[in-house]
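> structural data only, the sequence is not supplied:
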């Protein structure tokens, strides 16, 4: 079992839909990152969380430390949101990051 | 806006040839990571530097891969000889030092194709 698991692996939505991507982890962490990767492109950091909730534009990220679970929400989705979304956790007391395999999102116009 | 610079963006080579990738992290970032990402998978750590010192290279195939960060600033990752299975995206990332987690910044990556 992977230490960081994401669901779903693939997601297709219609423009305007509300989208949720989930991340569960099994190790102690000091932070959790949500990353975005466009096809053929590099990776952009969307959020870094250690507790609670953060919002940036149409994106909202939440984390529940007790349940070892985080969600990334996209409101009013748009085709330009189409990308791979990756959850990464930083293991407590280390500089080491563990990455999920990503959720491939496609938003149709 | 500060960014992590990587080159080349794309590299096509034949197996058994030598390949080198370069990364210049954001100024002041002491921690530098090299990751390998195979299509459809998440990044996997190859090597981590703290300033000029290697902190973790446990997953680096040392028979063919080497990495250095001589002055604790920019870094080079080398593969010699390249094999077909090395085809992947090679990503460089950097962050501030310290065990308090900081933002992680990635470069655009170097996509390697080995023929």
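Sure thing, it's come through. Note that the structure is a prediction, hence the values are computed from the model and not measured.
> and the closest residue to residue A:40 other than its chain neighbours, what are its bridge partners?
Among residues not flanking residue A:40 along the chain, residue B:111 sits closest, at 7.4 Å (C-beta to C-beta, 6 or more residues apart in numbering or on different chains). (C-beta placed from N, C-alpha, C; glycine too.) Beta-bridge partners for residue B:111, by DSSP bridges, are residue B:10, residue B:89.
> correct me, but residue B:111 touches residue B:11?
Yes - Residue B:111 is in contact with residue B:11 according to C-beta atoms under 8 Å; the separation is 7.2 Å.
> can you pull the contacts of residue A:20?
Residue A:20 makes contacts with A:71-73, as judged by C-beta atoms under 8 Å, 6 or more residues apart in numbering or on different chains.
> state the distance from it to residue A:84.
16 Å (C-beta to C-beta, to the nearest Å).
> please name the residues that touch the residue nearest to residue A:40.
Residues near residue B:111 by C-beta under 8 Å, 6+ apart: A:40, B:9-11, B:88-90.
> which one of these is nearest to residue B:30?
residue B:90 (20.8 Å; C-beta to C-beta).
> can you pull the contacts of the closest one?
Residue B:90 touches B:6, B:21, B:34-37, B:46, B:77, B:109-112, counting by C-beta under 8 Å, 6+ apart.
> just the buried members of those residues?
B:6, B:21, B:34-37, B:46, B:77, B:109-112 (16 or more other C-beta atoms under 10 Å in any protein chain shown).
> distance check, residue A:63 against residue B:76.
36 Å.
> counting neighbours, go ahead and name the busier of those two.
residue A:63 (23 against 14; other C-beta atoms under 10 Å in any protein chain shown).
> and the helix or strand harbouring that one, what other elements does it pack with?
Element membership of residue A:63 [criterion: DSSP states H and E] is strand A:59-64. On a contact count with 3 or more C-beta pairs under 8 Å, 6 or more residues apart in numbering or on different chains; DSSP states H and E, strand A:59-64 meets strand A:43-49, strand A:52-56, strand A:69-74.
> 6 Å - rerun?
Here strand A:59-64 touches strand A:43-49, strand A:69-74, going by 3 or more C-beta pairs under 6 Å, 6 or more residues apart in numbering or on different chains; DSSP states H and E.
> what strands flank that strand, and is each parallel or antiparallel?
Strand A:59-64 has the following strand partners under DSSP bridges: strand A:52-56 (antiparallel), strand A:69-74 (antiparallel).
> now tabulate those in CSV and tack on mean neighbour count.
What follows is those, written out as CSV (neighbours: other C-beta atoms under 10 Å in any protein chain shown):
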stretch, mean neighbour count
strand A:52-56, 12
strand A:69-74, 20
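> okay, those in a markdown table with mean pLDDT next?
Putting these into a markdown table (pLDDT from 0 to 100) gives the following:
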| stretch | mean pLDDT |
| --- | --- |
| strand A:52-56 | 95 |
| strand A:69-74 | 98 |
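> can I get those strands in JSON lines including distance to residue B:42?
What follows is the strands paired with strand A:59-64, written out as JSON lines (distance: least, C-beta to C-beta, whole Å):
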{"stretch": "strand A:52-56", "distance to residue B:42": "22"}
{"stretch": "strand A:69-74", "distance to residue B:42": "15"}
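> to residue A:99, which of the ones you listed lies closest?
Each of those was scored for nearness to residue A:99 using C-beta to C-beta, and the closest is strand A:69-74 (13.4 Å).
> tell me the angle that closest one makes with strand A:43-49.
On the basis of axes from the mean of the first three to the mean of the last three C-alpha atoms, to 10 degrees, strand A:69-74 is oriented at 120 degrees to strand A:43-49.
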